[in-house]
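Trainee: Need a 3D model of the following:
(one chain, ligands or ions: 1)
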Amino acid sequence: MFYYYFLVFLAINFLSSAFLRTFMYSTLVFWIIFKNIKYYKSLPPGPWGIPLLGILPFLNRRPPHMVYLNMAEKYGDVFSVQMGSNLTVCLGSTKLMKEFFSRNDSTGRPNTPLNNLLGGLGVITSEGVLWKRQRVFLHEKFRALGVKLWPNTRFERDINVEIDELMVELNQSEGKSVNPAHVLGRHIHNVICQLMMSFRFTAEDSAFKLFNEKVSRGMRLFGLVLIGEHVKAYLKLPGKMAVINEIKKNLADVSDFHKERIVARIQQREQSSEPRQPVDLLDFYLDHLEAEKQSKATKNEKRDIFPDVDPVQQIVQIMNDLFSAGMETSLTSLLWTCIMMMKHPKVAEKVRADLKEVVLPGERVTMGHRLQLPYIEAVLIETMRMVSIVPLGTTHVNTAEWKIGKYTIPAGTHIVPLIHRMNMDPDIYMEPELFKPERFIRDGKFTITDTFMQFGVGQRMCIGNLLARMELFLFFANIMNNYEFCMPEGEDIPGMDGILGSTHAPLPFKLVFKKLEA
Ligand code: HEM
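Mentor: Numbers count the residues shown, from 1 in each chain. Take a look at the predicted model:
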């Protein structure tokens with residue numbers, strides 16, 4: 001629009017009569033003012049920002065979800081803000097979230113410089129047919145691999161391998177303080193690795209350290225150029241291009257790590273003519289690829305999960321996506337739950353008392369015990385609610401114009417779900433600032449209501465929610481049934497503020513684990 005006005009301005013400049021020029025300039029100015037008033041009046045209310053930057057300068061002072069929480073108090077359940085060149089509309093009620101995120105035209109993702117580095121592949125930033133088919137495929141194959149809240153699935157056995165090793169490591173720590181993020185990180189990572197590629201990192205594996213460094217450096221670098229998502233000119237500033245190049249290099253290294261394994265598996269399959277059952281997600285993808293190649297002539301277009309994309313690149317990006325979406329979120333949830341146990345010793349006592357009724361101290365807690373341990377699931381879910389692991393969800397884009405009440409939201413708007421606000425809504429959760437796991441228990445059973453938004457809602461709801469719930473239940477229940485833990489002497493329990501990166505994580509802390517008497 002700006003360029004259009006600029007061209008008209010230039011054209012007027014060529015008029016020979018000064019009177020005509022003045023008249024046309026005034027008309028243009030009035031036209032621009034009129035159009036802008038009409039446009040802004042049709043949008044949901046919101047704060048005025050600074051020209052070109054919008055509200056970006058104000059997001060530095062406090063964590064963005066707290067800034068948005070304050071705005072929602074002032075403007076209500078739906079409000080708009082300008083973030084650089086991107087119009088952003090925030091949805092702050094479960095009713096609006098459910099209504100709008102269930103629509104087919106709510107599933108776009110922002111067309112921004114950093115998002116575009118992923119090339120529209122994978123599942124998190126892909127759109128349209130490619131995205132929809134990946135979701136269907138992933139749901140189906142996760143289930144086939146045992147990601148369901150049932151006992152004794154293949155996936156539970158994978159998790160058990162990690163729990164066994166975790167217990168050995170915690171026993172070896174012998175009362176010395178350890179960083180739980182480091183100890184638990186590898187095992188949470190391995191759970192996803194095994195499901196995807198039947199592969200796990202050992203404690204001595206230097207590749208794991210390198211992989212992790214690349215991922216966390218990549219995250220930090222994203223933070224350094226985040227403004228570029230909204231103000232493209234920012235990326236032209238000195239030094240910023242170097243950051244983008246390093247991000248690209250990091251992404252390429254992480255992708256190469258996955259690609260090597262995918263290529264090795266393809267070769268391994270080519271060498272063996274034995275018929276075999278798929279053992280992991282990678283096998284399912286490669287089986288599908290082979291089936292597609294063999295039946296090219298009669299290709300079932302509706303089931304093609306690689307429409308117009310390079311299949312290997314797509315599988316690589318799926319692997320990258322599942323790591324980035326699944327690793328940090330699950331680990332952060334587990335760390336916060338440990339913190340909550342120290343902050344609320346009575347809750348920890350009840351967890352252990354419940355465990356005592358169902359299993360012996362030190363005995364393995366399994367998915368078979370889940371229904372007898374509703375309070376444990378309630379503790380995990382209440383922790384996610386209180387701390388808001390992903391307080392602003394993931395930004396959507398509406399692919400068609402929306403009407404929300406009397407407001408018009410143009411297509412292409414960034415839509416941000418205010419998950420933190422919904423978690424703290426007193427109309428949904430009485431006394432939301434209190435840690436009360438029992439709010440998720442009804443008639444003695446663990447119950448999640450459809451107002452719980454921590455995994456999102458609608459078309460793009462988290463694919464890994466059952467996976468996360470299974471691993472969190474098993475890790476947490478077994479830690480609680482085997483150990484007591486506390487802060488090292490003289491150190492305070494971490495505060496609730498934490499740091500907001502890709503998730504809302506606690507500040508780094510250490511714990512001392514002590515084996516419970518059998
Ligand atoms: C406590 C753990 C987790 C939380 C709180 C969480 C939360 C979320 C949220 C809020 C979204 C955005 C939904 C939206 O765009 O509206 C999301 C998307 C997603 N999550 Fe999770 N997640 C968790 C664990 C996992 C795990 C373990 C995996 C897989 C290994 C996973 C895979 C994904 C994927 C692939 C998407 C993108 C879906 C799409 O764009 O269609 N998540 N998650």
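
Trainee: And what about Leu87, helix, strand or coil?
Mentor: Following DSSP: H, G, I helix; E, B strand; the rest coil, the label given to Leu87 is strand.

Trainee: That one and Leu43 touch, don't they?
Mentor: Yes: contact status for Leu87 versus Leu43: in contact at 7.5 Å, counting by Cβ atoms under 8 Å. Using the backbone N, CA and C atoms, a C-beta is placed for each residue, glycine as well.

Trainee: shared neighbours of those two, anything?
Mentor: Residues touching both Leu87 and Leu43 (Cβ atoms under 8 Å, 6 or more residues apart in numbering) are Ser80.

Trainee: Okay, strands next: where are they in the stretch 251-400 of the chain?
Mentor: Applying DSSP state E, counting those that start in this stretch to the stretch 251-400 of the chain gives strands spanning 396-397.

Trainee: How about the residues of it by the ligand?
Mentor: Residues of the stretch 251-400 of the chain lying close to the ligand by Cβ under 6 Å from any ligand atom are Asp321, Leu322, Ala325, Gly326, Thr329, Ser330, Ser333, Met384, Ile389, Val390, Gly393, Thr394.

Trainee: With the chain instead?
Mentor: 123-124, 135, 192, 321-322, 325-326, 329-330, 333, 384, 389-390, 393-394, 454-456, 460-464, 467-468.

Trainee: secondary structure element for Phe485?
Mentor: Using DSSP states H and E, Phe485 sits in strand 483-486.

Trainee: How about Leu28?
Mentor: helix 18-42.

Trainee: what's next to that helix, contact-wise?
Mentor: Contacts for helix 18-42 (Cβ under 8 Å, 6+ apart): Tyr5, Val8, Phe9, Ile12, Asn13, Leu15, Tyr407, Thr408.

Trainee: any weak-confidence spans in this protein?
Mentor: 1-5, 296-303 (pLDDT under 70).

Trainee: And the residue of it closest to the ligand?
Mentor: As assessed by Cβ to the nearest ligand atom, the ligand sits closest to Gly464 within the chain, at 2.0 Å.

Trainee: Now do the closest residue to Glu484 other than its chain neighbours against Gly175, distance only.
Mentor: Counting by Cβ to Cβ, 6 or more residues apart in numbering, Lys514 is the residue found nearest to Glu484 once chain neighbours are left out, at 4.8 Å. Using Cβ to Cβ, to the nearest Å, Lys514 is found at 6 Å from Gly175.

Trainee: Looking at the two, which has the bigger crowd around it?
Mentor: Higher neighbour count among Lys514 and Gly175: Lys514, with 14 against 8, using other Cβ atoms under 10 Å.

Trainee: what's the residue nearest in space to the middle of the chain in contact with, if anything?
Mentor: Against the mean C-alpha coordinate of the chain, by Cα atoms, centre = their mean, the closest residue is Ala325 at 4.8 Å. Residues in contact with Ala325 (Cβ under 8 Å, 6+ apart) are Ile124, Cys462, Ile463, Gly464.

Trainee: Determine the number of other residues adjacent to the last one.
Mentor: Gly464 sits with 20 neighbouring residues when counted by other Cβ under 10 Å.

Trainee: I'd guessed it sits against Met327; true?
Mentor: No: using Cβ under 8 Å, Gly464 is not in contact with Met327; the gap is 10.1 Å.

Trainee: May I see the PyMOL selection of the buried members of the residues of the chain next to the ligand?
Mentor: Listed next is the PyMOL selection for buried residues among the residues of the chain next to the ligand, using 16 or more other Cβ atoms under 10 Å:
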select buried, resi 123+124+135+192+321+322+325+326+329+330+333+384+389+390+393+394+454+455+456+460+462+463+464+467+468
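
Trainee: Beyond the strand or helix carrying Ile163, next helix or strand please.
Mentor: Using DSSP H and E, Ile163 maps to helix 154-172. Elements were assigned by DSSP H and E; along the chain past helix 154-172, the next helix or strand is strand 177-178.

Trainee: List the pairing partners of that following strand within its sheet, with orientation.
Mentor: Using DSSP bridges, strand 177-178 pairs in its sheet with strand 511-515 (antiparallel).

Trainee: now what about the strand it pairs with, what contacts it?
Mentor: 170-171, 173, 175-178, 180, 338, 482-488.
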